[in-house]
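**Q** Give me the fold of what follows.
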Amino acid sequence: MFDKKDLEQILDLALETGGDFAELFFESTSSNLMEMTMGNVSKANSSNVNGVGIRILKDTEEVYGYTNDVSLDNIKKFVIKLSSSYVGKRTHHSKHLEEVKYKNITPVIKRPNSISNEEKKKYLLTCYDGANSIKTNNSKQIKQIICTLTDKEQNVLIVNSDGIYVKDTRTNCRISLSVVATDGTNMQSASNNTGRNMGFEFFDNEDLFNFGKEVANSAMTMLDAKEINGGKMTVVVHHGFGGVLLHEACVHSLEATSVAKGVSVFCGKLGQKIASDIVTAVDDGTLENYWGSLNVDDEGHPTKRNVLIENGILKTYLVDYRNSRIMNHPTTGSGRRESYKYSPTSRMTNTFFTNGTSSFEEIIKNTEYGLFAKSMGGGSVDPSTGEFNFAVQEGYLIEHGKLTTPVKGATLVGSGAEVLMNIDMIANNLTTGHGMCGSKSGSIPTDVGQPTIRVQNMTVGGRG
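**A** Numbering: from 1, shown residues only. Have a look, this model is predicted:
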């Protein structure tokens, strides 16, 4: 890798034609995937990625390019080519690079490259055995069990003409499980995953057998589910991955990617009431070893705990460096990208509603009739309007304050702005779920989370 003097020369070269900011994002990443189908390894892949992404700004204009030839001569030639997009005289010089110091919130004990394939296979077999332990009979059977273990170690060096010089290592490990059950006529599926930004020591503290058992039990239970009758009703969304509702329907509309263009439903609403008084929502990239946590974002800025909504009032947006120029809003440590092939933009880390004062039992007991969305599936959202639709993977009716019949085919339909205003109870059982978020700068690890929440007057689609 280059010394600081070489890097300063490259950055200064990038500013020769009038650019006022230049950035280099070096990356070296190794990734592994092992898949097991019905107890047998069905796929095993490994990959290595190396390259550099180069960005030059002039006011709010941007030019971006990338290359996997990281020789000094090639990078200099590439920078000259990129900078030719601007026609002008030099107005800025690169500052002396100073290393950014930070507390490491993503320590690793067991690095992925120290774990053998046989050890990885044992983790997958434990998940499989758990899923396969669910009792079946001639009418109800487990049709398919697919377990996938992925790990990735990304080493980055980020430098820019403002003097930032920072190195970081991101180590992600995750197990995903998908189960299909059948009664001979119908099929139902269930899936879940668990992961952290840490080494394989994470799995030593996870009950993978029970994890597999719970997913399979969900698929089997939904075989007995009846089609739900759609309509307006009270909806109780469970903790953990239920936070995908906040992530997709609300916080995507708080990212500067949408706000800076003026196409977000929450544009111009800082300091205004946008949610129920009991709602506080946070995006926190500083939680130790969480799936979406980072020591520094992909622009080299330390991540932060950003309180987005406090007691119903909109407090901040999620803002990256370039959009901070457009919006005249401070950066929030939210510049993220999948790899060196993407220019960074504002993205989430670990996003969740904070705990409320009710218990889960109180919420159910105080609901006369409604839908309990125990686990959420896929969906879609339009950030400009906040309008969404989400499938409920596992759901139950609430009748007279009790959970009763399992129901299938439920779809939650509405807008993020409406949901935020209609939350009237929040439990004290905050947990998070782990996913990959796709957007303009690629696919990145993010945690979604919440305590159990109750939403009034939500539209539920169904074919019953």
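**Q** Wait, residue 145 touches residue 125, no?
**A** No - using C-beta atoms under 8 Å, residue 145 is not in contact with residue 125; the gap is 10.9 Å. Just so you know, the C-beta spots here come from the backbone N, C-alpha and C atoms, and that holds for glycine as well.
**Q** out of those two, which sits in the busier spot?
**A** residue 145 (25 against 19; other C-beta atoms under 10 Å).
**Q** and the gap between that one and residue 249?
**A** According to C-beta to C-beta, to the nearest Å, residue 145 and residue 249 sit 31 Å apart.
**Q** And for residue 29?
**A** 31 Å.
**Q** Comparing the two, which shows the higher neighbour count?
**A** Counted by other C-beta under 10 Å, residue 29 and residue 249 do not tie: residue 249 has more neighbours, with 27 against 17.
**Q** how far away is that one from residue 423?
**A** Here the criterion is C-beta to C-beta. By it, residue 249 lies 12 Å from residue 423.
**Q** Please apply the same query to residue 109.
**A** To residue 423, residue 109 is 39 Å away according to C-beta to C-beta.
**Q** hey, what's in contact with both of residue 145 and residue 125?
**A** Contact with both residue 145 and residue 125 is made by residues residue 39, according to C-beta atoms under 8 Å, 6 or more residues apart in numbering.
**Q** who's in contact with the one helix or strand residue 118 maps to?
**A** Assessed by DSSP states H and E, residue 118 sits inside helix 117-132. For helix 117-132, contacts defined as C-beta under 8 Å, 6+ apart pick out 32, 34, 36, 38-39, 41, 44, 142, 145, 147-149, 175, 177, 179, 200, 203, 208-216.
**Q** Please identify the buried residues of that helix?
**A** Residues 120-121, 123-128, 130-132 are the ones in helix 117-132 that count as buried (16 or more other C-beta atoms under 10 Å).
**Q** picking that back up, of residue 109 and residue 423, who's got more company?
**A** residue 423 (22 against 11).
**Q** Residue 277 is in contact with the more buried one, correct?
**A** No - using C-beta under 8 Å as the test, residue 423 is too far from residue 277 to be in contact (9.6 Å).
**Q** What residues does residue 348 make contact with?
**A** 247, 251-252, 255, 283, 292, 318, 334, 437, 446.
**Q** So which of these is surrounded by the most neighbours?
**A** Ranking the contacts of residue 348 using other C-beta under 10 Å puts residue 334 first, with 32 neighbours.
**Q** Just list whatever residues bridge to the residue nearest to that residue when sequence neighbours are not counted.
**A** Among residues not flanking residue 334 along the chain, residue 318 sits closest, at 4.2 Å (C-beta to C-beta, 6 or more residues apart in numbering). As for beta bridges, residue 318 partners with residue 255 under DSSP bridges.
**Q** What score does residue 318 have for pLDDT?
**A** Looking at residue 318, its pLDDT is 98.
**Q** That one is in contact with residue 252, isn't it?
**A** No - with contact taken as C-beta under 8 Å, residue 318 and residue 252 are classed as non-touching, separated by 9.5 Å.
**Q** Only the C-alpha atoms, please, for the helix or strand residue 30 falls within, written as CSV.
**A** Take DSSP H and E as the rule and residue 30 turns out to sit in strand 21-37. Extracted C-alpha coordinates of strand 21-37, given in CSV (Å, rounded to 0.1, in the frame of the first residue of the first chain):
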residue,chain,number,x,y,z
PHE,A,21,-12.7,17.7,-2.8
ALA,A,22,-11.1,14.3,-3.7
GLU,A,23,-11.4,10.9,-2.0
LEU,A,24,-9.9,7.5,-2.4
PHE,A,25,-11.6,4.3,-1.1
PHE,A,26,-9.2,1.3,-1.1
GLU,A,27,-10.7,-2.1,-0.5
SER,A,28,-9.5,-5.7,0.0
THR,A,29,-12.3,-8.1,0.7
SER,A,30,-12.5,-11.9,1.1
SER,A,31,-16.0,-13.6,1.2
ASN,A,32,-17.1,-17.1,1.7
LEU,A,33,-20.5,-18.9,1.3
MET,A,34,-21.5,-22.4,2.3
GLU,A,35,-25.0,-23.7,1.6
MET,A,36,-26.6,-26.9,2.9
THR,A,37,-29.8,-28.4,1.4
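**Q** Which elements pack onto that strand?
**A** Contact here means 3 or more C-beta pairs under 8 Å, 6 or more residues apart in numbering; DSSP states H and E; on that basis strand 21-37 packs against helix 4-14, strand 40-58, helix 117-132, strand 141-160.
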